[in-house]
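> What follows is a predicted protein model with its sequence.
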Amino acid sequence: MSLQTLPLAPQPDSERSKTSLQPGTRCGLTIIIGGTNVRFCISTPGQRDTITEKVTWSALEEQLQTELARRSLDFRDSKDITLDAIAGHLVNFIASKFDQGRGSPLSGLCSVNFSSAGPVSGSGSDAKITTINTGITLEQEPIARSFIGAFNRACQVRGWDQIDSGRLTIGVFNDAAAGLLGEVLEGGLRGIETGFFLIVGTGVGGLALVEGRPCSDYNEPGHRLILDMSTGKYRFLSNQELAEYQDETGSFTQPKEPLTYAENQLAGPWAALNFMRYLRADDKRVYYALAKQVVTELNQDESDVTGEMTKLLDLDYSQITKWAKESPSDIIRCVNNVLFNPNLAVLKELTLNDVDPSTECQR
């Protein structure tokens, strides 16, 4: 499905109401395949709120540990059984929320949409995605067919009617295209002719809106901006130059040193580690103040959290990538909360008033 073919007229706030789901209710299901987790969103026409749930890749790997060992499989190569586990998690969540005595909760399902980082080829149920920026490797994967098949197997276990993909509207989007569409319909780009949607997560993605239409000239900002580590200068790649860094599947290859992608400095895992490394090298008092804030927010044992943070500081690029997929995202989230939304009063208190937190954070 092309983004250009979708209606972009937003619905007035007055016409929306809170989401509720009953058997037979027309509804849509969105599956967001992210770098840290897989999220589900169930929505109904004319209703503003949504029903959401998520499962992390680390939780899925732990769940499948015994089966992976039995099959001698690495988690990244366990696509089929992991999709079954994801579908099972979604079905169990739905079952826990809705009255099963009245029929299948999703009997009114009329659309299924998928969002994932990386290139998308084709459309509808034939669309294929390629991404390594997730817990499992997906290369030219017909994600709609694969997931709906897994979902139907999970429905069969529950005794629910299976969904007929032939009667569904199916959309498969790159995550930046999906995000831009959402902002145009319901968010900050409603009524805007020219703007930009930026994703800062496990990677850095984005898509521009130019004269009311999506424009790919500025997409993939995390890869389009190349940093020369020897000079500290960035360069913006043209479409032709960007293509030179992609393989035949559309995935990006790692540039040769001293060049690196901007997302390796700015995306969630790298931003968190770079921030921690800077603080530890520049002033350990502020670093330990940061660690205490993370411990407080997570409400976990201090030695466990600080030990995990310390181990992360010496990881190289490939190890950081592995950590980003396998480690609890709460540490990333908490560190970046301090980085982007610092509580200066708390930092000042934790450093015993002998460090000026505003100066440290500005630097």
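Sure thing, it's come through.
> Please name the residues that touch the nearest residue to Asp77 once chain neighbours are set aside.
Once flanking residues are discounted, Asp77 sits nearest to Thr137: 6.5 Å by C-beta to C-beta, 6 or more residues apart in numbering. Where C-beta positions appear, they are placed from N, C-alpha and C, glycine not excepted. By C-beta atoms under 8 Å, 6 or more residues apart in numbering, the contact set of Thr137 is 76-77, 79.
> Take those and write them to CSV, including distance to Asn341 and neighbour count.
CSV is the format used below for the contacts of Thr137 (distance: C-beta to C-beta, whole Å; neighbours: other C-beta atoms under 10 Å):
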residue, distance to Asn341, neighbour count
Arg76, 33, 17
Asp77, 38, 12
Lys79, 37, 16
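> SS state for the spatially closest residue to Trp160 that is not a sequence neighbour?
Nearest non-adjacent residue to Trp160, counting by C-beta to C-beta, 6+ apart: Ser104, 4.1 Å away. Here Ser104 is recorded as coil under DSSP: H, G, I helix; E, B strand; the rest coil.
> Would you mind confirming that Ser104 makes contact with Pro23?
Yes. Ser104 is in contact with Pro23 according to C-beta atoms under 8 Å; the separation is 6.1 Å.
> Have a look at these two and say which one is more surrounded.
Higher neighbour count among Ser104 and Pro23: Ser104, with 19 against 16, using other C-beta atoms under 10 Å.
> And the more buried one, how far from Val55?
If you measure Ser104 against Val55 using C-beta to C-beta, to the nearest Å, the figure is 21 Å.
> and if you look at Asn341?
Counting by C-beta to C-beta - Asn341 and Val55 are separated by 26 Å.
> between those two, which one's more packed in?
Set Asn341 next to Val55 and count neighbours by other C-beta under 10 Å: Val55 wins out with 18 against 7.
> who's in contact with the more buried one?
By C-beta under 8 Å, 6+ apart, the contact list for Val55 reads 37-38, 86, 89.
> Show me what the top helix by length along the chain is packed against.
Longest among the helix segments of the chain by residue count, using DSSP state H, is helix 79-97. Here helix 79-97 touches strand 37-43, strand 51-56, helix 57-63, helix 65-71, helix 143-158, going by 3 or more C-beta pairs under 8 Å, 6 or more residues apart in numbering; DSSP states H and E.
> could the ones you listed be laid out in CSV, adding mean pLDDT?
Formatted as CSV, the helices and strands packed on helix 79-97 follow (pLDDT from 0 to 100):
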stretch, mean pLDDT
strand 37-43, 91
strand 51-56, 90
helix 57-63, 91
helix 65-71, 96
helix 143-158, 95
